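Participant: Please work out how this folds:
(3 chains)
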Amino acid sequence: MPAKPDTAISRRSFLKWTGAATAATAVGARTPVLHALVPSEETTASGKVEHHFSVCDMCLNKCGLIARVEKGVVTKLDPNPKFLKSRGMLCARGNAGIAQLYDPDRLKYPLLRKGKRGEGKWQRLRWDQALDYAAEQLRTIAEQYTRCGVLFSPGSDMQSTFVHWFAEVFGSYNVTTHESACLLSRNRAYLDTFGEVPFSDVLHTKYIIMAGANRFEALITPDSIDLMTAKQNGCKLVVLDPRYTKTAGLADEWYQVRPGTDMAFFLALMHVIISEKLYNADYAAEKLFGLEQLAEHVKQYSPEWAEVECQIPAQDIRRIARELAAAAPTAIVYPGRRTSDYVNSTQIRRSMAILNGLLGNWDRPGGLLAARQVGLSKPELPEAPWYEDNPEDRLDMGRAHMMFEEEGSFKHMRDAIIEAKPYPIKGWLVYKHNPLQSEANRQRTLEMMVKLDFILTVDIAMSDTAWMSDLVLPAPSYLERQDPATGLQGSSACACVVTRNPVVPTLFESKPVFWILKELANRLELGEHFDFTMEDYRKQQLKNLPDGERALREDGVYYNPSKLYGVYEGRVYKTKSKRIELYNERYAEMGVDPMPVYRSPREVPAGRFRLVVGRNAYFTHCTTQNNGLLHEFMPENTLWINPKSASALGIQDGDLVEVISAAGKGELKAEFKSGIREDTVYMASGFGVLSKGLTNIYGKGACIAEVLEDYSDELSGNMAMHETFVQVTRKVA
Amino acid sequence: MKSKMIKRHSKVTIFMHWFNAFCWFFLLATGLGLIKNEDLQLMGGWWSNLMYSIFGGGETLLLVHEICGLTWLVVFIVYMIFGSRKYIIPFLKQVSTYSLSADLKWLIKKNIQMTLGNKWLKRLGFTQDIPDQGFYNVGQKLFAVASVLGGIMIAATGLIMFLSNIFLQNTAIVQWAIVIHFIAAGVVTGGLLIHIYMAAISPDERPAFFSMFTGSVPEDYAEHHHKLWYDEIKTAERKGQSA
Amino acid sequence: MKRQLAMVIDSASCIDCKACMTACKVENKVPPGNWRNWIKEQDPDLEHLNNLEPMHFQPGNCMHCDNPTCVQACPTSATYKDNKDGTIKVNKKLCIGCGSCIPACPYGARYRHPEDKVVDKCDFCERRRARGELPACVTTCPTKARTFGDLKDSNSEVARLLKSDNIVRVVNRETDTQPNIYYLSMTAPTDWPVKAETPSAIRLWKAINPFVWGFVGLNVLGVLAMLGKQLLIKEEPLEVEHR
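Facilitator: All right, here's what the predicted structure looks like:
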């Protein structure tokens, strides 16, 4: 009889079989195919969803937002529909704030430099160690070099007011901000024309000339949004730009103006308007000072003359002048912001301000608006001590005719630190500011840093400036912070107050600069000047706004229903003549041209290019290129070059090129742009970083700050960043 | 006199057969239910809609199809690991031995016989002698081969589709997997219909049907339908007895 | 269709700020390298400054078409047109990530999620709508270029806008999918959507489908013939015995 076939499965094979089967199903259970059985996000209704107000910090506009927080994680930032200044929107950067909050490259704890500056070797410190060390360094410098031996550089931030205050109580006059790489020329010009710096009522204007200002990319609220609405309502937009930007592309007329000659254009416009008597004579008699002198002055600046300079056809200049005058007073020569371009940038803006004066658009719909009342109070704080041994003045004083005392000039400060004249500066406290990328001539900034014994940077990411510092302290993002109240001017949209409260708890060991300064103050026997909480401070700020707290809590913003138009009714202008100064006597007294006198910009040498600076809507200056969401839009910068110019140099689209100037050089890919002048090149800011702590962009692109030479405006000391001529050569691999 | 029973199928074979059959029905029903496309679905999608309402939606239908398919595959893999020597290799040997002329003759004659009857064999000019068959007749062999090859293709393509959500990056391979899966299933299903008729409905093969439960067939059935196998068994018996 | 959700976009007011692309990416956790929405651009030919076409930006996303070629390419209707709100949905638990629908969209609106490995695309922010919010791209836009709503609701803003002259849709000449994103007056570029392509595997399937069913059908006929013979024909015994 043959053995029975395996009717009885042996124990061993049974285990083998079931074991294998179990293993198989165990694997199966972990696979995503069984996702049908997993409760979906939609069905898990128990997850808490919260909404919190805040204001964005991804650029200076501070658009109101509502943060959606799910189970303690911020999942979306949406616009606050009640926020008039932003017209209820949130741009790409605003949405990308989440990637700043959860940035894997974020600084997490205090870092002390080990090894040489820039080596990237750090030692982690406890907060008390870091603060003790910092206080000691500051004290040592103060003892050896006076209080003014420390330079303070607060960035554009709602807590920067405390950095200014700390500098004051510490006793240093030496404070620089990004303003002297930006809008000081404009401020100077408008202050010296109208007595204050105006805002533009873009929404209601019918004719607007933008020279250089790229509002559809360099977003300013509400102007950028209102510009589109105004256009839809029949406003004509005329753009002067050597580069075909998106604003140029969406304009009614674009002129590829020869860089640095805008003044010729505006003087010619005034020539036409005055000679053809296209201005309001009554208004002029009442409000304008110096029309006679101006009329005489602009006689020489005919459109035919201007055409040769700025390369805009004379007939167009004439026509635009007539159109502009016809639309006046609902017409604007847009003041712009970043006016850090030429050595005579203040006078260029004077010509624009004067023209605005002539159009009679001040303080009325569709024209230039005075600052509106916001209503915040300045809290009372114990008076800052007086330091006997302090020098006379800030270090950079006297190096430019009409420097703003409170702002100074970074370029001049830097030169003075390198020269150590009239006295040395040895310490630098930087908050949320990145001069190595934002100021022209990076090598010079590095040279300045060599002179410094102690550099402390407070920031959220390892910027180039942090990378080269001695002590780096981690700051939280805006979504983790409680901030003081701040007033915002929204031109015709509103005048409002905003503040911040934490949306999520602080991550890692980051600390707001307010706390850091308090701790430093305590260690430097200055504690009494910082003996208040943020809540106290805010309460005092809001004391004259009884509805302020409620509005901020319930709407995320407080509106002051302050006067919009006619603010100057029955008031005089804050100028010497008490009128709008077409002719500035103070200037004449100082030996400065009382009315802008045209000077041709330096000629671009043959075979070279003028390098210009510009912005786009998805980056903020030089600070968001590493953002996890935004860097997809531009993984590296390229050199915009006209195809004809490129071909003449044997460069093809996409080739690696070297850009060299007297200041430095950089390597990046060339990008053909038929919309840029043949004698001009452009690259975006924020690339070619030194810092290996910016992992998305390290090793990518070139640094424009490295290549820009540090010319400056003669009057305000504002950096002049369009005066650099570069050589472009093809890099053979 | 009642015929003596010969052992034809082992318990393992019986299990695998019914396991396979059950899985096939379930997989076919659910698989067809998953096809929901204007150009491809059966009869305006009524079968798909029926499956959807029975199982409560497309994702559950997919889930049960995948679970059954994976179980089917795993059991077969285990069967292949442990049963190769004893069951699979002999089986494969049997279903892959053919003698061309005899088998062709059998096929043609059987087709006519099963559909038109013996009368027509004569009428069409064929002799009525049907070639002897071994353990499996040619029809069974061909269906077996189709099932095995088809089954392998279905399993492989099914596995590809299953893995698509897990770690595959190439979508073209998944697209081809879907098509081959469908075609293979279609071809085997065609043969399956014949198989079911032959096994379960045709009275001719009734004893074979029962053998898929009991494991044995009557001797005279074996002698008539699978003479070559019957001869082998008898020879072995005689050898065993004389040893 | 009870409702048809749609968008009317004033592309002339788009400034290509990328807010909508970023908002969508955050809201819907779209992985790097992929997008649910886009902004197409017309960059004028500045060489010929006399005949200057304007610079123009055209935001877009899944058009939730009325004649969806993507749905027609999907074998399982894992992607389908929802008859409650007219949106084209993807049932991610039914989708096996075969990617057949991806080239079938003239707008390239779909992508295969590199981690989930199923297809993803704009769903008009379903979860936001459930909370009573508008899609992220609509809410965030600085120039409010996008208007969203139910075009079957005569009181809605989209219905009102669609009454204007010169509403255009962007379609491929060879594949008019009847998109539900409308552009106010002019928009550019208009020649960028591509012809809907079905992957070759699926095309083969659609072509071969009748033949596979035909084959099964033949087998059914065979079974019926045999069954018929079994029931109707009284069998004559074979004239030749097996030897």
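
Participant: Could you tell me how many residues sit around residue 127?
Facilitator: Because you didn't say which chain, this covers chain A. 16 (other C-beta atoms under 10 Å in any protein chain shown). For every residue, glycine as well, the C-beta is placed using N, CA and C.

Participant: Sorry, I should have been clearer: chain C.
Facilitator: If you count neighbours by other C-beta under 10 Å, residue C:127 ends up with 12.

Participant: again, but for residue A:217
Facilitator: 20.

Participant: Does it touch residue A:620 like I think?
Facilitator: No - using C-beta atoms under 8 Å, residue A:217 is not in contact with residue A:620; the gap is 11.6 Å.

Participant: contacting residues for the nearest residue to residue A:173 once chain neighbours are set aside?
Facilitator: Residue nearest to residue A:173 in three dimensions, not counting chain neighbours: residue A:394, with 4.1 Å by C-beta to C-beta, 6 or more residues apart in numbering or on different chains. If a contact means C-beta atoms under 8 Å, 6 or more residues apart in numbering or on different chains, then residue A:394 has A:148, A:173, A:174, A:175, A:405, A:408, A:413 as its contacts.

Participant: Show me which of these are buried.
Facilitator: For the contacts of residue A:394, a neighbour count by 16 or more other C-beta atoms under 10 Å in any protein chain shown gives the buried set as A:148, A:173, A:174, A:175, A:408, A:413.

Participant: so the fifth one touches residue A:396, yeah?
Facilitator: Yes - in this structure, residue A:408 is within contact of residue A:396 by C-beta under 8 Å, at 4.8 Å.

Participant: Backbone torsions only: list them for the residue nearest to residue A:173.
Facilitator: phi -70, psi 160 (degrees, to the nearest 10).

Participant: quick one on the thing from earlier: lowest-confidence member of the buried ones among the contacts of residue A:394, which is it?
Facilitator: Ranked by pLDDT, those bottom out at residue A:408, which scores 91.

Participant: show me what contacts that one?
Facilitator: By C-beta under 8 Å, 6+ apart, residue A:408 lies in contact with A:174, A:175, A:176, A:180, A:394, A:396, A:397, A:717.

Participant: Could you check how far the second one is from chain C?
Facilitator: Same thing as residue A:175. Distance of residue A:175 to chain C, given as C-beta to the nearest C-beta, to the nearest Å: 33 Å.

Participant: cool, the fourth one as well?
Facilitator: Between residue A:180 and chain C the distance, using C-beta to the nearest C-beta, works out to 28 Å.

Participant: Now do the strands in chain B.
Facilitator: Applying DSSP state E to chain B gives strands spanning B:5-7, B:216-218.

Participant: Deepest-packed of those, please.
Facilitator: Highest mean neighbour count among these (mean count of other C-beta atoms under 10 Å in any protein chain shown): strand B:216-218, with a mean of 20.

Participant: same for it, what does it pack against?
Facilitator: strand B:5-7, helix B:206-214 (3 or more C-beta pairs under 8 Å, 6 or more residues apart in numbering or on different chains; DSSP states H and E).

Participant: Switch the ones you listed over to JSON lines; also include distance to residue B:171 and mean pLDDT.
Facilitator: Converted to JSON lines, these look like this (distance: least, C-beta to C-beta, whole Å; pLDDT from 0 to 100):
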{"stretch": "strand B:5-7", "distance to residue B:171": "50", "mean pLDDT": "87"}
{"stretch": "helix B:206-214", "distance to residue B:171": "42", "mean pLDDT": "89"}
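
Participant: Serialize the ones you listed to TSV and add fields for distance to residue A:658.
Facilitator: Below are those laid out as TSV (distance: least, C-beta to C-beta, whole Å):
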stretch	distance to residue A:658
strand B:5-7	88
helix B:206-214	82
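
Participant: Among those, single out whichever gets nearest to residue B:27.
Facilitator: Closest approach to residue B:27 among the helices and strands packed on strand B:216-218 (C-beta to C-beta): helix B:206-214, 19.7 Å.

Participant: hmm, the closest one touching chain A?
Facilitator: No - if you take C-beta under 8 Å from any C-beta of the partner chain as the test, helix B:206-214 misses chain A, and the best it gets is 13.5 Å.

Participant: who in chain C is up against chain A?
Facilitator: Near chain A, when you scan chain C using C-beta under 8 Å from any C-beta, you find C:13, C:15-19, C:21-23, C:25-27, C:32-33, C:43-47, C:54-55, C:92-93, C:116-117, C:127, C:130, C:133, C:136, C:139-144.

Participant: How far away from the center of its chain is the biggest helix by length in chain C?
Facilitator: If you go by DSSP state H, chain C has its longest helix at helix C:200-232. Counting by C-alpha atoms, centre = their mean, to the nearest Å, helix C:200-232 is centred 33 Å from the centre of its parent chain.

Participant: Next: stretch A:398-413.
Facilitator: 19 Å.

Participant: Same check on stretch A:662-678?
Facilitator: That offset, for stretch A:662-678, works out to 23 Å (C-alpha atoms, centre = their mean).

Participant: can you tell if it touches chain C?
Facilitator: Yes - remark: stretch A:662-678 sits within contact range of chain C at A:674, A:675, by C-beta under 8 Å from any C-beta.

Participant: Check the average confidence over that stretch, would you?
Facilitator: Here the average pLDDT along stretch A:662-678 is 96.

Participant: which outside residues touch stretch A:102-119?
Facilitator: For stretch A:102-119, the external contacting residues (C-beta under 8 Å, 6+ apart) are A:74, A:100, A:121-127, A:129-130, A:133, A:449, A:455, A:459-462, A:466-475, A:507-510, A:626-628, A:690, A:693-696.

Participant: Any chance of the helices and strands packed on strand B:216-218 in a markdown table with distance to chain C as columns?
Facilitator: As requested, those are exported to a markdown table (distance: least, C-beta to the nearest C-beta, whole Å):
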| stretch | distance to chain C |
| --- | --- |
| strand B:5-7 | 17 |
| helix B:206-214 | 12 |
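
Participant: for the ones you listed, which one sits closest to residue A:540?
Facilitator: Across the helices and strands packed on strand B:216-218, residue A:540 has its closest neighbour in helix B:206-214 (93.0 Å, C-beta to C-beta).

Participant: If you count neighbours, what's buried in that closest one?
Facilitator: For helix B:206-214, by 16+ other C-beta under 10 Å, it's B:207, B:208, B:209, B:211, B:212.

Participant: contacting residues around residue B:41?
Facilitator: The neighbourhood of residue B:41, defined by C-beta under 8 Å, 6+ apart, consists of B:35, B:47, B:48.

Participant: switch to 7 Å and redo it
Facilitator: By C-beta atoms under 7 Å, 6 or more residues apart in numbering or on different chains, the contact set of residue B:41 is B:35, B:48.

Participant: ok, now how distant is it from chain A?
Facilitator: According to C-beta to the nearest C-beta, residue B:41 and chain A sit 21 Å apart.

Participant: So, low pLDDT: which residues of chain B?
Facilitator: B:1-2, B:242-243 (pLDDT under 70).

Participant: Could you list the low-pLDDT ranges of the stretch 551-700 of chain A?
Facilitator: Low-confidence regions of the stretch 551-700 of chain A, defined here as pLDDT under 70, do not occur.
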